[in-house]
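K.L.:
Sequence and predicted structure are below.
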Amino acid sequence: SGEEILRVCGVQGGLVVHLGCGDGRLTAALHGGDSYLVHGLDADAGNVAKAREYVHSRGLYGRVSIDSFDGQRLPYTENLVNLLVADSLGDVPVAEVMRVLAPGGRALKSSWPMVAG
């Protein structure tokens, strides 16, 4: 669950990115309160539409937003993301994940252990 991910990662706020956000359910659940800004990304336009609809239905849009991306380059400046959650990186290189992680930031992916920026 989103609450469990935030607790395990020890992230107290800041920018949380859900890469491959799918239907937006986990993305919305990653909003742990007013100190968090959550951004869901997906390369599939259908998933983006579904996720946006779900986030709107939960009354979270603004604090949680959903966007499409090219599937390779993350749309952030260096050292910005406090937590990146992904089931799969797809075509996003690990070096790209490390580029966007803030000092002390975390990345959590199902097939590898948590890494720190």
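P.N.:
Perfect, I can see it now. Numbering: from 1, shown residues only.
K.L.:
Helices of this structure, start to end?
P.N.:
With DSSP state H as the criterion, the chain has helices at 2-9, 25-29, 45-57, 94-100.
K.L.:
Return the set of buried residues in the second one.
P.N.:
Spelled out, that is helix 25-29. When neighbours are counted by 16 or more other Cβ atoms under 10 Å, the buried residues of helix 25-29 are found to be 25-29. Heads up, the C-betas are built off the backbone N, CA and C, glycines and all.
K.L.:
What of the last one?
P.N.:
By neighbour count, with 16+ other Cβ under 10 Å as the criterion, the buried positions of helix 94-100 are 97, 99-100.
K.L.:
Kindly provide the distance from the closest residue to residue 40 other than its chain neighbours to residue 50.
P.N.:
Distance criterion Cβ to Cβ, 6 or more residues apart in numbering; nearest residue to residue 40, sequence neighbours excluded, is residue 21 at 3.2 Å. For residue 21, the distance to residue 50 equals 9 Å [Cβ to Cβ, to the nearest Å].
K.L.:
neighbour count winner among these two?
P.N.:
residue 21 (31 against 18; other Cβ atoms under 10 Å).
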